[in-house]
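> Dropping a prediction and its sequence here:
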Amino acid sequence: MEQANTAIAGEPESPLLAVRGITKRFGSFTANDNITLGLTPGEVHALLGENGAGKSTLVKMLYGLLAPTEGEILWQGASIKLPNPNAARALGIGMVFQHFSLFDNLTVAENIALVMPASDRLQDVPGKIDGISRAYGMGLEPNRPVWSLSAGERQRIEIARCLLQDPKVLILDEPTSVLTPQEAEKLFETLDRLKAEGRALLYISHHLEEVKRLCDRATILRLGKLVGTCDPRVETPRSLAALMVGSQIMEVRAAGAHTLGKDRLVVSDLDAPSPSLHGVSLKHVSLAVKGGEVFGIAGVAGNGQSELFANLSGESLARRPEAIVIDGSPVGALGISDRRALNAGFVPEERNGHAAAPDFTLSENIVLTGHGSDGLTRLGFINGAAAKDQSQKVIAAFDVRKSGADPLARTLSGGNLQKFVVGREILREPALLVINQPTWGVDALAAATIRQALLDLCARGAAVLIISQDLDELFEISDRIAVIHTGELSEALPARGTTREEIGLLMAGMPGGANVAGGSAHAP
Amino acid sequence: MRLDLDARPQRSTLREILAPVGALIVAILIGGVVIALMGRSTIEAFDVYFVEPLSQSYSLQAIAVKAAPLILIAVGLAFCYRANLWNIGAEGQFIAGGALGGWLGLVTHDGAFQGVLGSWWILPAMMILGALGGLLYAMIPALLRVWLNVSEILSSLMLVYVAQLALDWLVRGPWKDPEGHNLPVSVNLDPEATLPILFDGGSLHLGVLLAPLVAIVAAIVFSKTLFGYQVRLVGSAPKAARFGGFNDRTIAIAAFAISGGLAGLAGVAEVSGRIGQLLPSISPGYGFSAIIVAFLGRLSPVGIFIAGLVLALTFVGGEDAQIAMHLPGDLTLAFQGVLLICVLAADVLARYRLRFTMGARS
């Protein structure tokens, strides 16, 4: 195994880690085509590209998960082979994945200990985690089991796990998608500090604003090829997006200019004890969404978003039927199928395994939410032709890219599967749509498509409730925004005339200038 | 050095179909080695086990008669296993069905209760009671699981021994034939309580036809109905199933009911069609062998139909080998065990690639 030189090369021009003419083929498909790229110490290098552009393939080769078909990887100028991630870690390459690789039944500390050298003792790990967690403001509890944590908290474990290994090169795949603006800013400060320490960072993100804020150089991939390198600080987000996609991205129509109808969803004083030991209890949640309105709920992951979604969808039942009213009908005691029959639609956060069954075909996944109301079943039999037909309509309307006529859901990329599960609900023309993290981990083009579809649905008179951690998204399409924190929902503020900082303070549990329903706010 | 399992990027239908075939071949090779180590001729054993039974009419019939209960039980098990419920107690449900259905044959013995209605109803009622017996017996682990979260693996397995001992007690006690020289057997069932033989002089009985019928119906249920969809969904993506508005408890109880009902039906068909009376033991382990059949058949009714015939061949061949070569009967069970392990290993290899990595972890 290659031994790393602990001293970091002083010359900024000489790349610490580089790829030269690298190509990766899977059968006849070329995922990376002759890519050359260098990471110099003390730089934050952005890797931009749509889903499927080959970013993941490239970083997997840098992390020893895939072997290149052609070309070479250079470490401090010397050609190396990375047979596995251990070799990459031994050199000082760390990676924070977008998809978590954590064991649900182990604690935070145990998960982190798994990747630490065997010489470290398990009982020392919690202390180290506390140190990192405090230094970077992560709020990790070392002894919590991972199954009880939200997506956002899990991502922070991945980041901490990497930082504990003191990497010289750090690869980050969409690390801020679950942070508040203040937390993200704190992470940027951390990354700035890592950069100042002479480390090289490869930063994959769809948040073009933060690429501008953070990165010194950007390499743009499209369909496996390198299409350009630029200085993101002199580009605009729109020009970066255009480079990524190869064409101009449509602008999402601004919200707030349409007429509002009657209340379609009213939640009043909803209390829900947490179903699990470490879950969040909902406390006195009240809100009302009118037809033609997009109501946004902001919040840091793990503050009751999934519990609120489960109560709104009917996957969890409320104690009082009147606590949730859809189009005048009290539905608190009705299950999700009955709520769908009232023409409500739901899209949960997790695409694979919740919104869709990964090992079922797309047309079978149409049946998942349409079996009760869309003429897809008769006398207990599934009308497979109707399901395929409906599936084709969704695929056509939302430009879902796939291989094969009716592939398994798991074979779609994140963005395409998200377009499918959102499109599946929107084509049912729901009067109310509740959607949790509509564009999490989705590329810019797919995200724009989804947001526009939500606004169009809303313009046709539907009420849309969006739970999101992406403040840009909420400000872009919401009429009003409320913030959920430790299971309590703030009063809704008009999206126009409210600043990101005000929302950010509410997300952190500080009432700031705004009023918080329920009064007491707890520190995270 | 260590061994890594890497998920294959693409699933291949061909690979998944070939996996059980390969497993069968490997299991036969291992069996051959065992027989050679016992100092016997591997070639002769192969001939006795797999060739001779396929070349004679009476043994072909014997294969069908043994395959039928295996297929009936395994199709039922497929409902449980697809739903991620591990019913290991089909043997007990088989016995419960055989006992309850057989009981009707005993109480109607010698024309009892046939005065007004005649005797036409006895066989259908026995079949219904048999299915009901297995179903009710399966409800014990099902309800314990749904209400109290008791592991159905343990409870269903334990109940096998309860059923075996209960039947043993019944035929030694209340159901014993008073004129049977104190042997632990019941009276012989009347012709009215016996499933008719299909061809004169053969062993094929009417109950054997239940197996293809049930396999066809189950294939349609799995692929075309919303119920089959729910069973597959609950097992494959439980969270998505709840999101779809399906109740996993209802599905769990239904899957156990089908599984138990089919095992019970197989039990009463065995009692009424083949054995003709109640004995302390009415199964050579069909309920356990059917687990192998279910996996060898990839939990699909068509695959199970084929796998049932293969396993029945090992039973018949094993009996022949006992007679012709004096090989121990337990060798058949050992071979079935080897086969199950090979099938499970082949399943893993169909989805994962083996990779040897030199050197220890850094």
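On my side now, so go ahead. Numbers count the residues shown, from 1 in each chain, chains lettered A, B, ... in the order given.

> Residue 168: how many residues sit nearby?
You didn't say which chain, so I picked chain A. 24 (other Cβ atoms under 10 Å in any protein chain shown). For glycine as for every other residue, the C-beta is placed from the backbone atoms N, C-alpha and C.

> meant chain B actually
Residue B:168, neighbours per other Cβ under 10 Å, totals 15.

> Wait, a strand at it?
No: counting by DSSP: H, G, I helix; E, B strand; the rest coil, residue B:168 is not found in a strand; it is helix.

> So it is in contact with residue B:282, correct?
No: between residue B:168 and residue B:282 there is no contact under Cβ atoms under 8 Å: 10.4 Å.

> At the geometric centre of chain B, which residue sits there?
The residue lying closest to the centre of chain B (Cα atoms, centre = their mean) is residue B:290, at 2.8 Å.

> residues touching that one, list them.
B:69-70, B:73-74, B:77, B:90, B:263, B:308 (Cβ atoms under 8 Å, 6 or more residues apart in numbering or on different chains).

> quick check, nearest of the residues you listed to chain A?
Among the contacts of residue B:290, residue B:77 lies closest to chain A (Cβ to the nearest Cβ), at 19.9 Å.

> SS state for that closest one?
Quick answer, by three-state DSSP: residue B:77 is helix.

> Check the burial of the closest residue to it other than its chain neighbours by counting its neighbours.
Spatially, and ignoring its direct neighbours in sequence, residue B:77 is nearest to residue B:294 (4.4 Å; Cβ to Cβ, 6 or more residues apart in numbering or on different chains). Residue B:294 has 32 neighbours, counted by other Cβ under 10 Å.

> In terms of helices and strands, where is residue B:294?
If you go by DSSP states H and E, residue B:294 is part of helix B:286-296.

> What's the first helix or strand after that helix?
helix B:301-325.

> packing partners for that following helix?
helix B:13-37, helix B:42-46, helix B:57-82, helix B:210-224, helix B:286-296, helix B:330-351 (3 or more Cβ pairs under 8 Å, 6 or more residues apart in numbering or on different chains; DSSP states H and E).

> run the last query once more with 6 Å
Packing partners of helix B:301-325 (3 or more Cβ pairs under 6 Å, 6 or more residues apart in numbering or on different chains; DSSP states H and E): helix B:57-82, helix B:210-224, helix B:286-296, helix B:330-351.

> any chance of those helices in TSV, plus mean pLDDT?
Putting these into TSV (pLDDT from 0 to 100) gives the following:
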stretch	mean pLDDT
helix B:57-82	96
helix B:210-224	96
helix B:286-296	94
helix B:330-351	88
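
> Now render these as JSON lines, adding distance to residue B:101.
Listed next are the helices and strands packed on helix B:301-325 as JSON lines, based on distance: least, Cβ to Cβ, whole Å:
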{"stretch": "helix B:57-82", "distance to residue B:101": "13"}
{"stretch": "helix B:210-224", "distance to residue B:101": "13"}
{"stretch": "helix B:286-296", "distance to residue B:101": "15"}
{"stretch": "helix B:330-351", "distance to residue B:101": "26"}
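
> For burial, what's the neighbour tally of the spatially closest residue to residue B:144 that is not a sequence neighbour?
Once flanking residues are discounted, residue B:144 sits nearest to residue B:150: 3.9 Å by Cβ to Cβ, 6+ apart. Counted with other Cβ under 10 Å, residues neighbouring residue B:150 total 15.

> was I right about residue B:150 contacting residue B:141?
No: using Cβ atoms under 6 Å, residue B:150 makes no contact with residue B:141, being 7.4 Å away.

> Contact residues of chain A facing chain B?
A:86, A:90, A:315, A:335-337, A:353-354, A:357, A:359, A:368, A:371, A:377, A:380-382 (Cβ under 6 Å from any Cβ of the partner chain).

> if we can go back for a sec, quick one: closest of the helices and strands packed on helix B:301-325 to residue A:260.
helix B:210-224 (45.1 Å; Cβ to Cβ).

> residue ranges for the helices of the stretch 51-200 of chain A, please.
Taking DSSP state H, counting those that start in this stretch, the helices of the stretch 51-200 of chain A run over residues A:55-62, A:85-91, A:108-113, A:125-135, A:151-163, A:181-196.

> how much space between the residue nearest to residue A:412 when sequence neighbours are not counted and chain B?
Once flanking residues are discounted, residue A:412 sits nearest to residue A:402: 5.6 Å by Cβ to Cβ, 6+ apart. Using Cβ to the nearest Cβ, to the nearest Å, residue A:402 is found at 14 Å from chain B.

> which ones are touching the residue nearest to residue B:77?
B:74, B:77-78 (Cβ atoms under 6 Å, 6 or more residues apart in numbering or on different chains).

> try 8 Å this time
B:74, B:77-78, B:81, B:304, B:307.

> Next, residue A:18: phi, psi?
Note on residue A:18: backbone dihedrals following degrees, to the nearest 10 are phi -140, psi 160.

> per-residue pLDDT, it?
What the model reports for residue A:18 is a pLDDT of 92.

> Is it bridged to anything, and to what?
residue A:38, residue A:74 (DSSP bridges).

> rewinding a little: out of the contacts of residue B:294, which is most surrounded?
Compared across the contacts of residue B:294, residue B:74 has the highest neighbour count, 38 neighbours, by other Cβ under 10 Å.

> Wait, a strand at residue A:260?
No: using three-state DSSP, the assignment for residue A:260 is coil, not a strand.

> Just give the nearest non-adjacent residue to it, would you?
Leaving out its chain neighbours, the residue that sits closest to residue A:260 by Cβ to Cβ, 6+ apart is residue A:290, at 4.4 Å.

> Residue A:266 is in contact with the one you found, correct?
No: the pair residue A:290 / residue A:266 is not scored as a contact, 9.7 Å apart, by Cβ under 8 Å.
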